[in-house]
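J.: sequence unavailable; structure follows:
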DNA sequence: CAAGATTAAACTGTCGACAATCGACGATTA
DNA sequence: TAATCGTCGATTGTCGACAGTTTAATCTTG
């Protein structure tokens, strides 16, 4: 009599994981603008507010530090990262490098299922374009790009994208408006999908390079227009 | 009477930073093979051994987790990461992607000072080739590649390289021997430097792609030869 | 009144403790 | 005999506390 386990999939009972939750809450607070760039993140304050002790907060903060959302000054605490123009440039430069590669890999792994997934995401982007929620719009945009990294099939590649995206999310609060018509953005992704199906590495690379480069130029322009408190974390 | 701090000196004003020290110690232990892949890292044990409390150890472990050296199973603790063949592939694939990009950027920032720095490093590699210390040899190799990322001038690019390198260091213990003659490896880097000075993006990319690809193929072969305990962390 | 010195408050880094949970081992039962 | 259940030790997750340092506020003094 074998019959080892009731084969049915039980709903992955979730995270009692405190630090994970705290990390998510802090991340949200940063994206929402409740924690502004340069602001001090007081461990005891967060802990009290959440009704927990400082230990999980510290660990969560360390996570966000590694992720680039916070910076830590020894003996002084954690602060919300201030993205300078040069940071934006670095991030977009890396994005291009990484996503071009992801695109080429993804095109090799392209299956009907994958194609449909991407297609559906473009539909979602069009739907989102109707309502006026630019944060949501950006999020759906990221989701499409993330799918490409998923299809590429490299966990590290995907994590790298997630890290870059989470840094870029910090700019959502700063930039009040979208830099282009939502529908036009969605259309751009259709073209991108076509190229991916085509499967020509050079063309894919060129296309993604241009695609992200365009966003880079627009965001860069907006960021440079901001008062952009020079820097602030220096001594 | 002013005179607050004698401004001179600054011996690497480092670390009263416990978690940084712990992280380095653990990293070393993993590279040296004192902590074998799959081994459990008991917080209390490490803490007792170092004469400190568990808190800094935990935070250090979380750091190494984010860096990919440890994996954490909730409620079960931290374990030394087991690199599968697929992990090696992912890392080298990313290395190629990242370092090709770094090479192109670096070639644009190439100055006489930078050129000399790289040249000197190649000399060091030749010197190291004389003595028989393959760990040291690999380390000097990494140093050269790291310099390229430094010259590229992107902090994130550099950190990315450091993360990948630190994961790859885990394989040093596994692979007992070098996969090529040390002097030949050094020579390969001379050719690489030449191409960098030349400054042709396509050629740089092709060259670095081949250079790292060669290492990939060799390391991959060696790893696949190992008994390579299938996996082990799964349930 | 301003600049520096001094004191007070707040915060971080680290520690030791305790309950909850996990894995192993042995008892139990068909 | 083989598989399941219950118990026990070991380990993690979280907490509250304390000392040393940083920041803010207050006071001194030219």
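T.: Cool, got the structure. All values derive from a computational prediction rather than experimental measurement.

J.: for chain A, what lies in contact range of DNA strand C?
T.: A:40-45, A:54-55, A:58, A:72, A:74-78 (C-beta under 7 Å from any atom of the strand). (Each C-beta comes from the backbone N, C-alpha and C, glycine too.)

J.: most surrounded residue in those?
T.: residue A:78 (24 neighbours; other C-beta atoms under 10 Å in any protein chain shown).

J.: so which of the residues of chain A next to DNA strand C belong to strands?
T.: Per DSSP state E, strands hold the following members of those: A:40-41, A:72, A:77-78.

J.: make JSON lines from those and add distance to residue A:205 and pLDDT to it.
T.: Shown next, in JSON lines, are those (distance: C-beta to C-beta, whole Å; pLDDT from 0 to 100):
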{"residue": "A:40", "distance to residue A:205": "42", "pLDDT": "97"}
{"residue": "A:41", "distance to residue A:205": "39", "pLDDT": "98"}
{"residue": "A:72", "distance to residue A:205": "37", "pLDDT": "97"}
{"residue": "A:77", "distance to residue A:205": "43", "pLDDT": "97"}
{"residue": "A:78", "distance to residue A:205": "38", "pLDDT": "98"}
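
J.: closest to DNA strand C out of these?
T.: residue A:77 (3.2 Å; C-beta to the nearest atom of the strand).

J.: buried sites along the helix or strand containing residue A:187?
T.: Assigned by DSSP states H and E, residue A:187 belongs to helix A:182-198. For helix A:182-198, the neighbour count (16 or more other C-beta atoms under 10 Å in any protein chain shown) marks A:182, A:185-186, A:188-189, A:192-193, A:195-196 as buried.

J.: show me how far it is from its chain's centre.
T.: Chain-centre distance of helix A:182-198: 19 Å, with C-alpha atoms, centre = their mean, to the nearest Å.

J.: okay if I get the buried residues of helix A:182-198 as JSON lines plus pLDDT?
T.: Listed next are the buried residues of helix A:182-198 as JSON lines, based on pLDDT from 0 to 100:
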{"residue": "A:182", "pLDDT": "90"}
{"residue": "A:185", "pLDDT": "92"}
{"residue": "A:186", "pLDDT": "94"}
{"residue": "A:188", "pLDDT": "95"}
{"residue": "A:189", "pLDDT": "97"}
{"residue": "A:192", "pLDDT": "96"}
{"residue": "A:193", "pLDDT": "97"}
{"residue": "A:195", "pLDDT": "97"}
{"residue": "A:196", "pLDDT": "97"}
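
J.: how near is residue A:220 to residue A:91?
T.: From residue A:220 over to residue A:91 the distance is 11 Å, taken as C-beta to C-beta, to the nearest Å.

J.: make that residue A:197, sorry
T.: Taking C-beta to C-beta, one finds residue A:197 at 28 Å from residue A:91.

J.: same question for residue A:28.
T.: 20 Å.

J.: and these two? which has more neighbours close in?
T.: Set residue A:28 next to residue A:91 and count neighbours by other C-beta under 10 Å: residue A:91 wins out with 23 against 12.

J.: give the buried residues for whichever strand or helix holds the more buried one.
T.: Element membership for residue A:91, per DSSP H and E: helix A:85-108. Going by neighbour count (16+ other C-beta under 10 Å), the buried part of helix A:85-108 is A:87-88, A:90-107.

J.: for that helix, packing partners?
T.: When contacts are defined as 3 or more C-beta pairs under 8 Å, 6 or more residues apart in numbering or on different chains; DSSP states H and E, helix A:85-108 packs onto helix A:134-152, helix A:155-174, helix A:182-198, helix A:201-225, helix B:85-108, helix B:155-174.

J.: quick check: the farthest pair among the ones in strands among the residues of chain A next to DNA strand C?
T.: Taking C-beta to C-beta as the measure, these span a maximum distance of 11.1 Å, between A:40 and A:72.

J.: shared neighbours, these two?
T.: Counting by C-beta atoms under 8 Å, 6 or more residues apart in numbering or on different chains, the contacts common to residue A:40 and residue A:72 are A:78-79.

J.: need the nearest residue in space to the most centrally placed residue in chain A, chain neighbours excluded.
T.: For chain A, the residue whose C-alpha lies nearest the mean C-alpha position (C-alpha atoms, centre = their mean) is residue A:165; its distance is 2.3 Å. Once flanking residues are discounted, residue A:165 sits nearest to residue A:142: 5.1 Å by C-beta to C-beta, 6 or more residues apart in numbering or on different chains.
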